[in-house]
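> Sharing a model prediction with you, sequence too.
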Amino acid sequence: MNKLETHQELISYAAEQGFDWSEIGKHGLFVKDGRFIIIYKKNGIFHYNLQGQVSILPSQYKKSAAIWRGFWDETGTLLDLEQTFQLVKSWLFDKGEHLPDRVVRSTGIG
């Protein structure tokens, strides 16, 4: 499934839940208020890359506090469409910093 198909699948699912995400996303990229998340499927598995401003420095990076400028970067995988929906909703709309369950592959700060 390519990014456009994955994007449309997520847009449709969000609409079923009562959310119109058509204005915040194009081709698997969803952007809102200085944060973004890319969603795509590879071999049937949802993958994501999210980036944006956060207000709390994650504890694993406290030794790097002097260089931190409030930016978070993370990649990983998700189990299904519902988990993908919840992550996008939490990251972009709820401005969450304690995100729902997911498999985190890499993280970084800036």
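Looks like it came in fine. Numbering: from 1, shown residues only.
> Give me the sheet partners of the least confident helix or strand in the chain by mean pLDDT and which way each runs.
Scoring the helices and strands of the chain by mean pLDDT, DSSP states H and E places strand 25-26 at the bottom, with a mean of 80. Using DSSP bridges, strand 25-26 pairs in its sheet with strand 29-32 (antiparallel).
> Go ahead and name everything in contact with the strand it pairs with.
For strand 29-32, the external contacting residues (Cβ atoms under 8 Å, 6 or more residues apart in numbering) are H7, W21, I24, G25, F36, I37, I38, I39, V88, L92, F93. Where C-beta positions appear, they are placed from N, C-alpha and C, glycine not excepted.
> from those residues, which ones fall inside helices?
If you go by DSSP state H, these have H7, V88 in helices.
> from the contacts of strand 29-32, which is closest to E74?
I37 (9.3 Å; Cβ to Cβ).
> isn't the closest one right next to Q86, touching?
No. Contact criterion Cβ atoms under 8 Å: I37 and Q86 do not qualify, at 11.8 Å.
> circling back to that earlier point, just the residues contacting the least confident helix or strand of the chain, thanks.
Residues contacting strand 25-26 (Cβ under 8 Å, 6+ apart): H7, L10, I11, V31.
> just the buried members of those residues?
Among the contacts of strand 25-26, those scoring as buried are H7, L10, I11 (criterion: 16 or more other Cβ atoms under 10 Å).
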